[in-house]
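In: have a look; sequence and predicted model below, questions after that.
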Amino acid sequence: MSEKKNNQVSRRQFLNYTLTGVGGFMGAAMVAPMVGMAVDPLLKADGSDDFQYVMDVDEITDEPQRKTFYIDQQDGWYDTEAERTAWIYRDENGDILALSPICTHLGCVVDWETGDHGNEFFCPCHYGRYDQNGVNIPGTPPEGPLHAYEYQIEDGRLYLGRANPREGA
Ligand code: FES
């Protein structure tokens, strides 16, 4: 008889379990949206996958042109506008190249044809050099080519996206 009684749940225990379960569920339902709101900006993409208009395709020449454009960027809870720059031109095959000016050595900004460096990109910080295709010249500090922007063309207009690393020398 006492063994049978031990296996039964008393009314008090039943109420305890039920109220604890319902209370826990309600607490989680209240806290989850707050946690979601707090963490959401950190999980969102920073907008760098968007493509931005930079110039018309018929303005692109064989000579690299430096162009500045802006992307929307989410920095935690803040929306900001970040400046980007690209060297844009057609290579010897007529293909469009849009190169990041950020030196792949330590991040200085490269320039086109400065000083004695004709037909090259040159980084003044540690004398990094890149050929006309933005490929690093062996024997100079950079160990990889300038990154290339992804691009799209729509209605004769050039849009740039993210800059990606490339295989190089
Ligand atoms: S940062 Fe460009 S060569 Fe060092």
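Out: That came through fine. Numbering: from 1, shown residues only.
In: wait, doesn't Phe121 sit right on Tyr130?
Out: Yes. When contacts are counted by C-beta atoms under 8 Å, Phe121 is listed as touching Tyr130 (4.0 Å). Heads up, the C-betas are built off the backbone N, CA and C, glycines and all.
In: and for those two, which residues touch both?
Out: 110, 146 (C-beta atoms under 8 Å, 6 or more residues apart in numbering).
In: alongside the ligand, which residues does this structure contribute?
Out: Selection of the chain residues close to the ligand by C-beta under 6 Å from any ligand atom yields 103, 105-108, 123, 125-126, 128, 141-142.
In: out of the residues you listed, which is most surrounded?
Out: Highest neighbour count within the residues of the chain next to the ligand, by other C-beta atoms under 10 Å: Cys123, with 27 neighbours.
In: find the residue closest to it in space, skipping its chain neighbours.
Out: Nearest residue to Cys123 in three dimensions, chain neighbours excluded: Cys103, at 4.1 Å (C-beta to C-beta, 6 or more residues apart in numbering).
In: immediately after the longest strand seen in the chain, which helix or strand?
Out: Ranked by number of residues, the top strand in the chain under DSSP state E is strand 78-90. Downstream of strand 78-90, the next assigned helix or strand under DSSP states H and E is strand 96-99.
In: other SSEs contacting that next one?
Out: strand 78-90, strand 148-154, strand 157-164 (3 or more C-beta pairs under 8 Å, 6 or more residues apart in numbering; DSSP states H and E).
In: out of those, nearest to Tyr53?
Out: Proximity to Tyr53, assessed across the helices and strands packed on strand 96-99 by C-beta to C-beta, is greatest for strand 157-164 (5.4 Å).
In: which positions in the longest strand of the chain come out as buried?
Out: Within strand 78-90, the residues that count as buried by 16 or more other C-beta atoms under 10 Å are 84, 86-89.
In: from Ala82, how far out is Val135?
Out: From Val135 across to Ala82, the span is 26 Å (C-beta to C-beta, to the nearest Å).
In: what pLDDT, on average, does stretch 115-127 get?
Out: For stretch 115-127, mean pLDDT rounds to 94.
In: in PDB, could you pull the C-alpha coordinates for it?
Out: The C-alpha trace of stretch 115-127 is given here as PDB (Å, rounded to 0.1, in the frame of the first residue of the first chain):
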ATOM      1  CA  GLY A 115      57.900  58.800 -59.600                       C
ATOM      2  CA  ASP A 116      60.100  56.400 -61.600                       C
ATOM      3  CA  HIS A 117      57.500  53.700 -61.500                       C
ATOM      4  CA  GLY A 118      55.900  53.900 -64.900                       C
ATOM      5  CA  ASN A 119      53.200  51.400 -65.800                       C
ATOM      6  CA  GLU A 120      53.200  50.000 -62.200                       C
ATOM      7  CA  PHE A 121      51.300  50.400 -59.000                       C
ATOM      8  CA  PHE A 122      53.700  51.600 -56.300                       C
ATOM      9  CA  CYS A 123      53.400  51.500 -52.500                       C
ATOM     10  CA  PRO A 124      55.500  54.200 -50.800                       C
ATOM     11  CA  CYS A 125      55.500  52.600 -47.400                       C
ATOM     12  CA  HIS A 126      58.100  49.800 -48.100                       C
ATOM     13  CA  TYR A 127      58.500  50.200 -51.800                       C
END
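In: fine, thanks again, bye for now.
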